[in-house]
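Enquirer: here's my sequence, what's the structure:
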Amino acid sequence: MIKIRFFLFITLTLLLLKSTLAQVNVFTSETIKQLNQDQGFYNNVRLSFSHHSGNTDMRTLRAQIRSDYIIHNYHAFGVGNLQFLRKDDQAFINKGMFHLRGIRHITNIFMLESFVQKQFSESILLKDRNLAGGGLRIALFSPGDNPKIRLYTGTGAMWENELIDDAELGQINSDIMRSTNYSTIIWQIDDWISSATTGYFQINPSHREDFRILVEGDIGFRITDQIQFTVRLNLRYDSQPPTRIARHDLEITNGLSLSF
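Expert: Numbering: from 1, shown residues only. Purely as a prediction, here's the structure:
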């Protein structure tokens, strides 16, 4: 049974990444951890600020807040983040996102989920993005198969509304339906170290040349029960970005998180 599920996971992952973005990734090791918590509220806060002066005048702000609520077979959580970088009185990065998701456990293997999201990012000329959708999540390994490694895949559909401030075409407002798919592997290396990698793929079924890929990986080092140091890599690819915007973005970040 384990071999069949593992083969199915690898097959789905290759299919997704072959022609395979998605909304901001929220299906991380934090989500997996909360899926196995007792009922109640759980919160996590990340905050960092830096200031450089002299040859370069630069200020950076990063903030993320996450809240989870678990009751019986239901799990709801909201994630909000803000990133701002100003250099020599010019905003280089100004982006934010709020994501709300609900999960309904049908069995240990199958889960239904729905989500809404609001987002903006000046660096890719995205003035406003609104998402709403849902789908099916499948646990390819049940907790009893291998408690240290968990494999998930998900598929569904979402409505996407975007307002783009294109450099040549001006403001573009679009409403489309996209297919949304992902695969995730979570590895609890030991009691203090864990890693998670997720690959998202979203495509416009009526225009297959229009697709997006998001690959996010992180590794966390637990310092105490409440404090964790995390290194995260985020790769985004858009097959049809706005004018003068590169198709890909690569970001590597690290920081501390507080859970309570």
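Enquirer: alpha carbons only for contacts and neighbour counts from here, please
Expert: OK.
Enquirer: tell me the contacts of the closest residue in space to Phe49 that isn't next to it in sequence?
Expert: Once flanking residues are discounted, Phe49 sits nearest to Leu61: 4.6 Å by Cα to Cα, 6 or more residues apart in numbering. Listed by Cα atoms under 8 Å, 6 or more residues apart in numbering, the contact set of Leu61 reads Leu47, Ser48, Phe49, Ser50, Leu82, Gln83, Phe84, Leu85.
Enquirer: so which of those are in strands?
Expert: In strands, defined here by DSSP state E, the members of those are Leu47, Ser48, Phe49, Ser50, Leu82, Gln83, Phe84, Leu85.
Enquirer: flag whichever of those scores worst on pLDDT.
Expert: pLDDT is lowest at Ser50 among those; the value there is 69.
Enquirer: is Thr155 within a helix or a strand, and which one?
Expert: In the assignment (DSSP states H and E), Thr155 maps to strand 149-166.
Enquirer: okay, buried residues for that strand please.
Expert: 149-158, 160-166 (16 or more other Cα atoms under 10 Å).
Enquirer: please enumerate the strands of the stretch 51-200 of the chain.
Expert: Here the stretch 51-200 of the chain has its strands, by DSSP state E, counting those that start in this stretch, at 58-71, 74-87, 90-105, 110-121, 126-139, 149-166, 170-188, 193-204.
Enquirer: would you tell me which one of those is buried the most?
Expert: For the strands of the stretch 51-200 of the chain, the largest average neighbour count (mean count of other Cα atoms under 10 Å) is found in strand 193-204, namely a mean of 22.
Enquirer: pull up the pairing partners for that one, direction included.
Expert: If you go by DSSP bridges, strand 193-204 pairs up with strand 170-188 (antiparallel), strand 207-222 (antiparallel).
Enquirer: for the closest residue to Val116 other than its chain neighbours, give me its contacts.
Expert: Once flanking residues are discounted, Val116 sits nearest to Ala132: 4.3 Å by Cα to Cα, 6+ apart. Contacts of Ala132 were listed using Cα under 8 Å, 6+ apart, and they are Ser114, Phe115, Val116, Gln117, Met158, Trp159, Glu160.
Enquirer: between those, which sits nearest Ile124?
Expert: Nearest to Ile124 among these, counting by Cα to Cα, is Glu160 at 16.5 Å.
Enquirer: bridging residues for that closest one?
Expert: Beta-bridge pairing for Glu160 (DSSP bridges): Leu131, Ile176.
Enquirer: doesn't Lys118 make contact with it?
Expert: No. Here Glu160 does not reach Lys118: they are 10.1 Å apart, not a contact under Cα atoms under 8 Å.
Enquirer: identify the contacts common to those two.
Expert: Residues touching both Glu160 and Lys118 by Cα under 8 Å, 6+ apart: Arg129, Asn130, Leu131.
Enquirer: can you lay out those residues as CSV showing distance to Arg247?
Expert: Shown next, in CSV, are the shared contacts of Glu160 and Lys118 (distance: Cα to Cα, whole Å):
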residue, distance to Arg247
Arg129, 18
Asn130, 21
Leu131, 21
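Enquirer: closest to Asp68 out of the residues you listed?
Expert: Leu131 (20.0 Å).
Enquirer: for Phe211, see how far away that closest one is.
Expert: Per Cα to Cα, to the nearest Å, Leu131 is found 15 Å from Phe211.
Enquirer: can you check Thr107 too?
Expert: From Thr107 over to Phe211 (counting by Cα to Cα), the distance is 32 Å.
Enquirer: compare the two and say which one has the larger neighbour count.
Expert: It is Phe211, of Thr107 and Phe211, that has more neighbours when counted by other Cα atoms under 10 Å, with 22 against 11.
Enquirer: identify the residue spatially nearest to the more buried one, adjacent ones excluded.
Expert: Among residues not flanking Phe211 along the chain, Ile203 sits closest, at 4.2 Å (Cα to Cα, 6+ apart).
Enquirer: any idea how far that neighbour lies from Asn73?
Expert: To Asn73, Ile203 is 31 Å away according to Cα to Cα.
Enquirer: now Glu216
Expert: Glu216 sits at a distance of 27 Å from Asn73 (criterion: Cα to Cα).
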